[in-house]
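A.B. asks: show me how the following folds:
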Amino acid sequence: MNNANSNEKSRVPPGQHVTERFPVLQKGRIPSIDRGKYTLQIMGEIENPMTFTLEELKQLKDKEVIVDIHCVTSWSKLDTKWEGISFIKLMELVNPKKTANYVEFLCADGGFTTTVPLEKLSSANSMLALTYDRLSLGDKHGGPVRALIPDLYFYKSAKWVETITFLKEDRLGYWERGGYSNKADPWKEQRYSTDD
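C.D. replies: Numbers count the residues shown, from 1 in each chain. Just a heads-up that it's a prediction; the model follows:
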């Protein structure tokens, strides 16, 4: 086995296979969002509730990452390129209260939600993504704005984000209520709630 293949294998969690494609999966239809009218609302257990237009979010862009992503359906895509706003910067702006422990993403596709512990958003590669592979995010990949949390299975990286709510207590999201893991660690194969 050559070193390139060995290195690639070490980056792929158990039960996953590498794909060159970028499969498009979601619970229902792909929404089409008017970029000119788009707003992102941030609310909940924070000192400074805020609402941003897409242009305002673009002005906040501070991060570029190349990361591997892992879907619960067993595909992994290596070396994906994203740009956006680090959650660390967003948290500096909205100033979470000490009571904030989780963040819930509410999305444009008919009420999809998922919730992530605050510490996962503070990791170096987590962001609110605005571009993929140097291009503005298209509808099929969650544009204009999606979460990117590469430490977790990709259903935690919510697409078409419209509202971010800081919470005291966890709330199960769409897939989690359907039996998927709320922890979603690909390295522990936490695919289903029975794996937690």
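
A.B. asks: please make it C-alpha for all contacts and neighbour counts, starting now.
C.D. replies: Noted.

A.B. asks: can you pull out the helices in this protein?
C.D. replies: For the chain, the helices defined by DSSP state H cover 3-10, 54-60, 87-94, 118-121, 174-177.

A.B. asks: nearest to Pro23, out of the ones you listed?
C.D. replies: Across those, Pro23 has its closest neighbour in helix 174-177 (17.8 Å, CA to CA).

A.B. asks: what residues sit buried inside that closest one?
C.D. replies: For helix 174-177, a neighbour-count test (16 or more other CA atoms under 10 Å) marks Tyr174, Trp175, Glu176 as buried.

A.B. asks: for stretch 156-170, same thing?
C.D. replies: 156-167, 170.

A.B. asks: equivalent analysis for stretch 180-195, please.
C.D. replies: Neighbour counts over stretch 180-195 (16+ other CA under 10 Å) mark Tyr180, Ser181, Asn182, Lys183, Ala184, Asp185, Pro186, Trp187, Glu189, Gln190, Arg191, Tyr192 as buried.

A.B. asks: let's have those in a markdown table, adding pLDDT and distance to Pro23.
C.D. replies: Shown next, in a markdown table, are those (pLDDT from 0 to 100; distance: CA to CA, whole Å):
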| residue | pLDDT | distance to Pro23 |
| --- | --- | --- |
| Tyr180 | 94 | 19 |
| Ser181 | 96 | 21 |
| Asn182 | 96 | 22 |
| Lys183 | 96 | 22 |
| Ala184 | 96 | 19 |
| Asp185 | 96 | 20 |
| Pro186 | 97 | 17 |
| Trp187 | 96 | 20 |
| Glu189 | 95 | 20 |
| Gln190 | 96 | 20 |
| Arg191 | 95 | 18 |
| Tyr192 | 91 | 20 |
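
A.B. asks: closest one to Arg146 out of the residues you listed, please.
C.D. replies: Using CA to CA, the buried residues of stretch 180-195 come closest to Arg146 at Ala184, 17.6 Å.

A.B. asks: strands along this protein, start to end?
C.D. replies: All strands of the chain, identified by DSSP state E, fall at 17-18, 39-44, 50-53, 63-70, 75-86, 102-107, 113-117, 127-132, 135-136, 146-148, 161-167.

A.B. asks: output the contacting helices and strands for the first one.
C.D. replies: Taking 3 or more CA pairs under 8 Å, 6 or more residues apart in numbering; DSSP states H and E as the contact definition, the neighbouring helices and strands of strand 17-18 are strand 75-86.

A.B. asks: name the residues that touch the strand it packs on?
C.D. replies: Contact partners of strand 75-86, identified using CA atoms under 8 Å, 6 or more residues apart in numbering, comprise 12, 16-22, 57-58, 60-70, 125-134.

A.B. asks: same list (the buried residues of helix 174-177) but as CSV, adding distance to Met91 and pLDDT.
C.D. replies: Shown next, in CSV, are the buried residues of helix 174-177 (distance: CA to CA, whole Å; pLDDT from 0 to 100):
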residue, distance to Met91, pLDDT
Tyr174, 25, 92
Trp175, 26, 91
Glu176, 25, 94
